[in-house]
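Trainee: I'll drop the sequence and a predicted model, then ask my questions.
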Amino acid sequence: MLSRTLLSAESVKAATRLSRLSSTINFPATSSFSTMTSDITLYSYATPNGIKASIALEELGLPYKTVPIDFGTNTQKSEWFLKINPNGRIPAIMDGSQRVFESGAIMLYLADKYDTNRKISYAPGTPENIEQLSWLMFQMGGIGPMQGQANHFRAMAGARSDYGIDRYMNETKRLYSVLESRLQESPYLAGSKYTIADIANYGWVQAAPVMLAIDLSEWPALKKWVENIGARAAVKKGMAVPPSKMSQEEMAQFFQDARAKMDAKTNSDKH
Ligand SMILES: N[C@@H](CCC(=O)N[C@@H](CS)C(=O)NCC(=O)O)C(=O)O
């Protein structure tokens with residue numbers, strides 16, 4: 001049923017209409033789109049990428065249903081889910097018959113379609129909007145992949161590779177220095193306002209102390225930015241979507257044990 005909905009002529013027409021609208025209209029606060037209703041289902045798990053979507057939804061105050069995706073049973077690779085995200089990863093959303101996958105695309109979609117009051121985004125066509133896009137892509141192409149690999153080599157890999165650990169830990173830290181420089185000169189990444197660019201980067205940076213035992217004190221402006229964002233009510237709500245099976249303490253213990261196991265392994269790196 002889902003595949004029929006996704007591939008129907010109607011959904012293609014709707015997507016075409018939406019992309020035309022997004023590229024031609026600036027969605028001012030007075031736009032008739034502010035009365036638009038949503039029919040959003042979020043498919044997610046409370047991971048650094050998953051919480052980007054739920055925090056954005058919470059910040060916008062949009063109603064949505066959540067379908068928890070269980071990694072334990074590999075639900076993200078099941079046939080029905082691959083029709084929503086062909087890449088078999090979370091997060092993804094359905095908004096009516098429109099699918100959106102990739103957390104960056106989800107945040108841009110939500111900002112374009114629903115952030116008519118510009119609560120978490122800058123209007124298209126402004127210099128700040130380009131800055132917002134740049135820092136969003138910095139996260140999608142830099143922090144996410146690099147920190148993801150750091151986590152893999154530091155805690156999850158079947159074999160230990162000091163080369164892999166050093167390469168991705170160092171790259172993650174270098175990227176944090178880039179964020180630090182920006183946050184020394186600007187309260188938020190795109191400018192004076194908290195936006196989807198902050199949400200995207202926050203998803204990963206906030207996880208670094210627990211996952212990688214990275215002490216954020218090395219980057220004082222970044223640390224303060226993490227604390228400020230973490231204190232927002234919508235962020236606290238979004239981070240608990242869907243509710244995790246582990247407490248914060250259990251999660252910290254899980255990663256600590258995983259790193260200790262890696263430390264005990266012999267270096268298999270032959271480079
Ligand atoms: N670039 C993707 C990455 C998504 C991603 O890697 N999600 C992870 C959770 S943080 C996942 O679904 N992992 C399960 C798997 O790889 O099977 C995005 O930003 O949405």
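Mentor: Cool, got the structure.
Trainee: switch to C-alpha atoms for all contacts and neighbour counts from now on
Mentor: Will do.
Trainee: so Met262 sits in a strand?
Mentor: No: using DSSP: H, G, I helix; E, B strand; the rest coil, the assignment for Met262 is helix, not a strand.
Trainee: Spit out the contact partners of it.
Mentor: Counting by CA atoms under 8 Å, 6 or more residues apart in numbering, Met262 touches Arg154, Ala155, Met156, Ala157, Ala159, Arg160.
Trainee: got a winner among the residues you listed for most neighbours?
Mentor: Most neighbours among the contacts of Met262, by other CA atoms under 10 Å: Arg154, with 26 neighbours.
Trainee: Can you show me the helices along the stretch 151-271 of the chain?
Mentor: In the stretch 151-271 of the chain, the helices defined using DSSP state H, counting those that start in this stretch lie at 162-185, 196-205, 208-212, 220-230, 233-239, 248-264.
Trainee: between the contacts of Met262, which is closest to the ligand?
Mentor: Met156 (12.6 Å; CA to the nearest ligand atom).
Trainee: And the closest residue to the closest one other than its chain neighbours, how far from Ala240?
Mentor: Excluding its sequence neighbours, the residue lying closest to Met156 (CA to CA, 6 or more residues apart in numbering) is Ala258, at 6.7 Å. Taking CA to CA, to the nearest Å as the measure, Ala258 falls 23 Å from Ala240.
Trainee: just to revisit the earlier point, what separates the residue nearest to Met156 from Arg182, distance-wise?
Mentor: For Ala258, the distance to Arg182 (CA to CA) stands at 33 Å.
Trainee: State the number of residues packed around Thr116.
Mentor: Neighbours of Thr116 (other CA under 10 Å): 24.
Trainee: would you say it is within a helix?
Mentor: No: if the criterion is three-state DSSP, then Thr116 is coil and not within a helix.
Trainee: Tell me the predicted confidence for it.
Mentor: pLDDT, Thr116: 97.
Trainee: Please report phi then psi for it.
Mentor: When read as degrees, to the nearest 10, the backbone of Thr116 gives phi -70, psi -30.
Trainee: got the residues of the stretch 1-150 of the chain near the ligand?
Mentor: Residues of the stretch 1-150 of the chain lying close to the ligand by CA under 6 Å from any ligand atom are Thr47, Pro48, Asn49, Gly50, Arg89, Ile90, Pro91, Glu102, Ser103, Gly104.
Trainee: will you turn those residues into a markdown table that also has neighbour count?
Mentor: Converted to a markdown table, those look like this (neighbours: other CA atoms under 10 Å):
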| residue | neighbour count |
| --- | --- |
| Thr47 | 18 |
| Pro48 | 22 |
| Asn49 | 23 |
| Gly50 | 25 |
| Arg89 | 24 |
| Ile90 | 26 |
| Pro91 | 28 |
| Glu102 | 18 |
| Ser103 | 23 |
| Gly104 | 21 |
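Trainee: Which two of those have the greatest separation?
Mentor: Across those, no pair lies farther apart than Thr47 and Gly104, at 14.4 Å, counting by CA to CA.
Trainee: how near is Ala190 to the ligand?
Mentor: For Ala190, the distance to the ligand (CA to the nearest ligand atom, to the nearest Å) stands at 19 Å.
Trainee: Give me the number of neighbouring residues for that residue.
Mentor: 26.
Trainee: Nearest residue to it in space, ignoring adjacent ones along the chain?
Mentor: Nearest residue to Ala190, sequence neighbours excluded (CA to CA, 6+ apart): Gln132, at 4.6 Å.
Trainee: Now name the helix or strand holding the one you found.
Mentor: Gln132 belongs to helix 127-138 when assigned by DSSP states H and E.
Trainee: Just want the angle from that helix to helix 196-205.
Mentor: Put simply, helix 127-138 runs at 20 degrees to helix 196-205, going by axes from the mean of the first three to the mean of the last three CA atoms, to 10 degrees.
Trainee: If you count contacts, what does helix 127-138 end up packed against?
Mentor: helix 196-205 (3 or more CA pairs under 8 Å, 6 or more residues apart in numbering; DSSP states H and E).
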